[in-house]
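J.: Here's my sequence, what's the structure:
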Amino acid sequence: MAISKSTPFKKSSTSKGFTLLEMMLVVLIMLIFFGMSLKLYSNLNLQKKLESETKYVVEILELAKKKTISGDKTGLDDSCILSGYKIVYTQDSYALFAICPDDRAVGKEFASSYGISLSGDGTNEVVFNPFGVGAVPACVIITNTATNKCRMITVLQSASISYAAESQSCVCP
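T.: Predicted coordinates for the structure are as follows:
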């Protein structure tokens, strides 16, 4: 019977497994990939937030256009002779108003999402003329303050509404 000279504490050359250094290297690589994907996911969320707010403002503009064309006087008293609808916006909110000739405006205000600001071409309002006559041309710029990216909504005199990242009639700041 042969006696082995190996001790139970000696590592054999055929042992299988990973060293601590190899394990730490794999964990480090996984953390780097996780960090990169987290940043990309955060940027994607900010971009979707900007697109969502843009679509919502376009829906409000379309609503004002439809109410103007139809002469909708819902919520107004009989003394008001409707002369159109307008959207008035500030940096952090916008409002939809029915316009009465006596300079009275009745409407509803909406707050923009956190980190979203609105600006425009100086007038800070979009006016739709009654019964499909058209609109006062305007540009609304919606900016995500975290990424400094913007979307532009353009209202033409024909009352057509379009939005894009950039257009020729308005430029993102």
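J.: Run a quick neighbour tally on the residue nearest to residue 60 when sequence neighbours are not counted.
T.: Excluding its sequence neighbours, the residue lying closest to residue 60 (CB to CB, 6 or more residues apart in numbering) is residue 96, at 5.8 Å. Any C-beta I mention is one placed from the backbone N, CA and C, and that applies to glycine too. Number of residues near residue 96 (other CB atoms under 10 Å) recorded here: 20.
J.: wouldn't residue 96 be in contact with residue 85 here?
T.: Yes: judged on CB atoms under 8 Å, residue 96 makes contact with residue 85 at a distance of 6.7 Å.
J.: list residues touching both of these two?
T.: Shared between the contact lists of residue 96 and residue 85 (criterion: CB atoms under 8 Å, 6 or more residues apart in numbering) are residues residue 64.
J.: Pairing partners for whichever helix or strand residue 150 is part of, with directions?
T.: Assigned by DSSP states H and E, residue 150 belongs to strand 149-155. Sheet pairing here is set by DSSP bridges, and for strand 149-155 it gives strand 138-144 (antiparallel), strand 161-164 (antiparallel).
J.: which residues touch the helix or strand bottoming out on mean pLDDT in the chain?
T.: Every helix and strand of the chain was ranked by mean pLDDT, DSSP states H and E. The lowest is strand 105-111, at a mean of 78. Contact with strand 105-111 is made by 60, 75-76, 80, 86, 92-100, as judged by CB under 8 Å, 6+ apart.
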